[in-house]
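Visitor: let me see the structure of the following:
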Amino acid sequence: MSDTFKRSAGLSREEKRALLAELLRKKAGESRDWSPLSHGQRALWFLYRLAPESPAYNLLYAAYVRSTLDIPSLQRAVQALLERHPLLSAIYTMQDGEPMQRFHPDHKLHVEVIDASSWSREQLNQRLLEEGDHPFDLERGPVLRIKVFQRTAPTGSASSPGIALPRLCALAS
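Guide: Residues are numbered from 1 along each chain as shown. Next comes the predicted model:
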């Protein structure tokens, strides 16, 4: 019986999740070297190499937030997401003719806040479309971008409208 299995035997569901996250972070930290891609990742990598400027596999999500958005809390949540899912910190390249990935668990992702308070609805929609068409550089990273388009002054009331725009693209199988 493995030491990890013994450690997890009497843990609650939440404690098991925390243990798993810790083990994954440890494994990602140890794995500073390049590792091979899964079959699904290989297929997406092939398509990326054919058309690196294509946004075809970008996942775009825009949310209209009507309450005050706590940017520091959002930043902490993004960092927790990166720690829990090291794949979101990966970069990709070819080595010896094989596609490879490397995780960067210590990578800090900055949530970009853009003042859109003077923009019309049409200008905002156009910018969202442009953001969705902006390709990712999988060889440099990051493979995740989060932008907040703020429609009111930062001191707006709880009913102030705002737009949050996370952009996500990951080679996941």
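
Visitor: please count neighbours and contacts with C-alpha atoms only from this point.
Guide: Noted.

Visitor: now for this structure, the helix or strand with the poorest mean pLDDT.
Guide: strand 162-168 (a mean of 43; mean pLDDT, DSSP states H and E).

Visitor: partner residues bridging the residue nearest the centre of the chain?
Guide: Central residue of the chain (C-alpha atoms, centre = their mean): residue 144, 3.4 Å from the mean position. Beta-bridge partners for residue 144, by DSSP bridges, are residue 168.

Visitor: for residue 113, helix, strand, or coil?
Guide: The three-state label given to residue 113 by DSSP: H, G, I helix; E, B strand; the rest coil is strand.

Visitor: per-residue confidence for the residue nearest to the centre of the chain?
Guide: Per-residue pLDDT puts residue 144 at 92.

Visitor: from residue 97, how far off is it?
Guide: 26 Å (C-alpha to C-alpha, to the nearest Å).

Visitor: just residue 9 next, same as before
Guide: Residue 9 is 43 Å from residue 97, where distance means C-alpha to C-alpha.

Visitor: could you do residue 148 as well?
Guide: Using C-alpha to C-alpha, residue 148 is found at 39 Å from residue 97.

Visitor: of those two, who's got more company?
Guide: Remark: of residue 148 and residue 97, residue 148 carries more neighbours, 20 against 7, as counted by other C-alpha atoms under 10 Å.
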